[in-house]
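> My questions concern the predicted model and sequence given below.
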Amino acid sequence: MRAKPKIPRTQRIMRQTAKSGGGHQEQIRRRAYELYEQRGRGDGFALDDWLQAESELTESKVKRATA
């Protein structure tokens with residue numbers, strides 16, 4: 001039996017987010033792009049921007065749900 005190839009962390013995170021719903025993913029994408037622009041459009045931080053945007057939006061949803 002062949003072992004499954006290991007999926008890079010970045011791809012795993014993107015796949016998990018994609019499964020969580022298209023509208024939410026679009027919001028994350030937009031916020032991540034805002035962060036990219038705020039940083040002066042420097043390359044090499046796409047995953048950091050994505051995770052920060054996801055965290056911000058998730059935190060925002062939790063606060064609204066518990067309010």
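Cool, the structure landed.

> Longest helix of this structure, counting residues only.
helix 46-66 (DSSP state H).

> which parts of stretch 25-37 are buried?
Going by neighbour count (16 or more other Cβ atoms under 10 Å), the buried part of stretch 25-37 is Q25, Q27, I28, R31, A32, L35, Y36. To be clear about C-beta, it is placed using only N, CA and C from the backbone, and glycine gets the same treatment.

> er, stretch 49-65 I mean
For stretch 49-65, using 16+ other Cβ under 10 Å, the buried residues are D49, W50, A53, E54, L57.

> Thought R30 was touching the last one, still the case?
Think L57. No - taking contacts as Cβ atoms under 8 Å, L57 lies outside contact range of R30: 9.7 Å.

> Centre-most residue in this protein?
For the chain, the residue nearest the mean C-alpha position is W50 (3.6 Å; Cα atoms, centre = their mean).

> Next up, the contacts around the nearest residue to that residue once chain neighbours are set aside.
Take W50 and drop its neighbours on the chain: the residue closest to it by Cβ to Cβ, 6 or more residues apart in numbering is A32, 4.7 Å away. By Cβ atoms under 8 Å, 6 or more residues apart in numbering, the contact list for A32 reads A46, D49, W50, Q52, A53.

> and these as a markdown table, adding pLDDT?
Converted to a markdown table, those look like this (pLDDT from 0 to 100):
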| residue | pLDDT |
| --- | --- |
| A46 | 94 |
| D49 | 95 |
| W50 | 94 |
| Q52 | 96 |
| A53 | 95 |
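
> and of these, the nearest to I7?
Nearest to I7 among those, counting by Cβ to Cβ, is W50 at 15.9 Å.

> separation between the closest one and R30?
11 Å (Cβ to Cβ, to the nearest Å).

> Now do K19, the pLDDT please.
For K19, the pLDDT comes out at 63.

> whoops, I mixed them up, Q25
Confidence for Q25, expressed as pLDDT, is 87.

> That one sits in which helix or strand?
helix 22-38 (DSSP states H and E).
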